[in-house]
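Colleague: take this sequence and fold it.
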Amino acid sequence: MTAAQGAPFSNRAIVNELFTEAKIDALNSKLIERGISADQVIAILPVEAQLMVNPTPPQFRVLYRPNLDFRGL
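Modeller: Numbering: from 1, shown residues only. Below is the predicted model of the structure:
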């Protein structure tokens, strides 16, 4: 039995992600810093704090569409 193989292309150019501190001010600052508009945001997902191994505070995981410019092609 063989494992199913994924598509030969990457979704990296279609959807990007970033992580921010789980605070609205930090989220807004990061979006502004990267020039991401509200219509590019696909989802904002909460990420629980990690207490073991590498402790991290709660975060937001933001999935967004990159601003693609195809005029140069």
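Colleague: wasn't residue 29 part of a helix?
Modeller: Yes: counting by DSSP: H, G, I helix; E, B strand; the rest coil, residue 29 is part of a helix.
Colleague: quick one: contacts for it?
Modeller: Contacts for residue 29 (Cβ atoms under 8 Å, 6 or more residues apart in numbering) come out as residue 20. Every residue, glycine included, has its C-beta placed from N, CA and C.
Colleague: am I right that residue 15 is in contact with residue 64?
Modeller: Yes: at 7.3 Å, residue 15 counts as touching residue 64 under the criterion of Cβ atoms under 8 Å.
Colleague: more neighbours, these two?
Modeller: A count of neighbours by other Cβ atoms under 10 Å puts residue 64 above the other of residue 15 and residue 64, at 20 against 12.
Colleague: ok, the more buried one - contacts?
Modeller: 15-18, 36, 40-42.
Colleague: out of the residues you listed, which are buried?
Modeller: Buried positions within those, assessed by neighbour count (16 or more other Cβ atoms under 10 Å), are 16, 18, 36, 40.
Colleague: what about the third one, distance to residue 59?
Modeller: When distance is defined by Cβ to Cβ, to the nearest Å, residue 36 is 16 Å away from residue 59.
Colleague: give me the common contacts of residue 15 and residue 64.
Modeller: Joint contacts of residue 15 and residue 64 (Cβ under 8 Å, 6+ apart) are residue 42.
Colleague: okay, which residue is most central for this structure?
Modeller: residue 17 (1.5 Å; Cα atoms, centre = their mean).
Colleague: which pLDDT value goes with it?
Modeller: pLDDT for residue 17: 95.
Colleague: beta partners for it?
Modeller: residue 63 (DSSP bridges).
Colleague: so what's it up against?
Modeller: 61-64.
Colleague: for this protein, which residues score under the pLDDT cut-off?
Modeller: Counting by pLDDT under 70, the ranges of the chain that qualify are 1-13, 68-73.
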